[in-house]
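Novice: sequence and predicted model, in that order:
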Amino acid sequence: MAQTQVASYTMEAFVEDVNNVFRNETDPHIQAKTVTAYLKKLLAVPGWLEEKLELEEEGGFGRFSLHLDEEAGHPGNGWWLMASVQKPGQDNLPHDHGVTWVVYGVYKGAIQQRKWRWAFPGEGVDKAQIVEHGRFIQEDGAVAYFMPGEIHDTLNVQEEGRSLVVRLESQKLDRVTRFQYNPEDGSMKVMDR
């Protein structure tokens, strides 16, 4: 009895699935949830990211474009798929994504996501400030999404070695106004594009 080969899900098939989501769905929450399921499926395919990035066993830190689509996206055209190869302990300040939603998937390694929200006097703070209101760890194959306006930060918690993170921006973030927040001094500023 002959065995049938099952084709692996490819990045190209993922791109087409994402474009279909943008063509057929207008609700950004449903878009984000649906794309999250497709990214989870892609992350389960071994070897594709190392091959696309031509990664060696170690190092290779940085951000890499995987696909920019100028025909679809939310709220405007120009969704972007990228990968970041993160050093141990790599982090960032809390930030939002403006009017876009973003999906984060861990291909290999582990990152911590912290969610933040505004708190005001009467909610246990003396002045308006952002406060942490949840955190979770994403490991191999885990996917999470953040809706427009949500505030979060990330930290590579992989103790040794790198974390490989795939991120889909529903509109390339350098095209939208977004903010970065400093919980230590309560300041916020427009992020550089």
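Specialist: Nice, I can see it. Bear in mind that the values here come from a model prediction, so they are computed numbers and not experimental data.
Novice: look up how far residue 83 lies from the most centrally placed residue in the chain.
Specialist: A centroid search over the chain (Cα atoms, centre = their mean) returns residue 104, at 2.7 Å, as the residue closest to the centre. According to Cβ to Cβ, to the nearest Å, residue 104 stands 11 Å off from residue 83. In this view, the C-beta of every residue, glycine as well, is placed from N, C-alpha and C.
Novice: what does residue 127 give?
Specialist: 39 Å.
Novice: between these two, point out the one with more neighbours.
Specialist: residue 83 (21 against 8; other Cβ atoms under 10 Å).
Novice: let's see the pLDDT reported for the more buried one.
Specialist: Listed pLDDT for residue 83 reads 97.
Novice: for residue 62, same thing?
Specialist: Residue 62 is given a pLDDT of 89.
Novice: next, count neighbours for it.
Specialist: When neighbours are counted by other Cβ under 10 Å, residue 62 registers 11.
Novice: beta-bridge partners for it, please?
Specialist: Residue 62 has these beta-bridge partners by DSSP bridges: residue 85.
Novice: would you confirm that it contacts residue 86?
Specialist: No - Residue 62 is not in contact with residue 86 according to Cβ atoms under 8 Å; the separation is 9.2 Å.
Novice: just to revisit the earlier point, quick check: the residue nearest to the centre of the chain vs residue 126, distance?
Specialist: Look at residue 104 and residue 126: by Cβ to Cβ, they are 33 Å apart.
Novice: again, but for residue 147
Specialist: Separation of residue 147 from residue 126 (Cβ to Cβ): 29 Å.
Novice: the two: who's more crowded?
Specialist: residue 147 (14 against 6).
Novice: nearest residue to that one in space, please, no chain neighbours.
Specialist: Nearest residue to residue 147, sequence neighbours excluded (Cβ to Cβ, 6 or more residues apart in numbering): residue 101, at 5.2 Å.
Novice: I figured that neighbour hits residue 74, correct?
Specialist: Yes - at 6.9 Å, residue 101 and residue 74 qualify as touching, with contact defined as Cβ under 8 Å.
Novice: so what sits against both of the two?
Specialist: Any residue near both residue 101 and residue 74 by Cβ atoms under 8 Å, 6 or more residues apart in numbering counts here, and that gives 28, 31, 170.
Novice: and the first one, what does it touch?
Specialist: Which is residue 28. Contact partners of residue 28, counting by Cβ under 8 Å, 6+ apart, are 74-75, 101, 147-148, 170.
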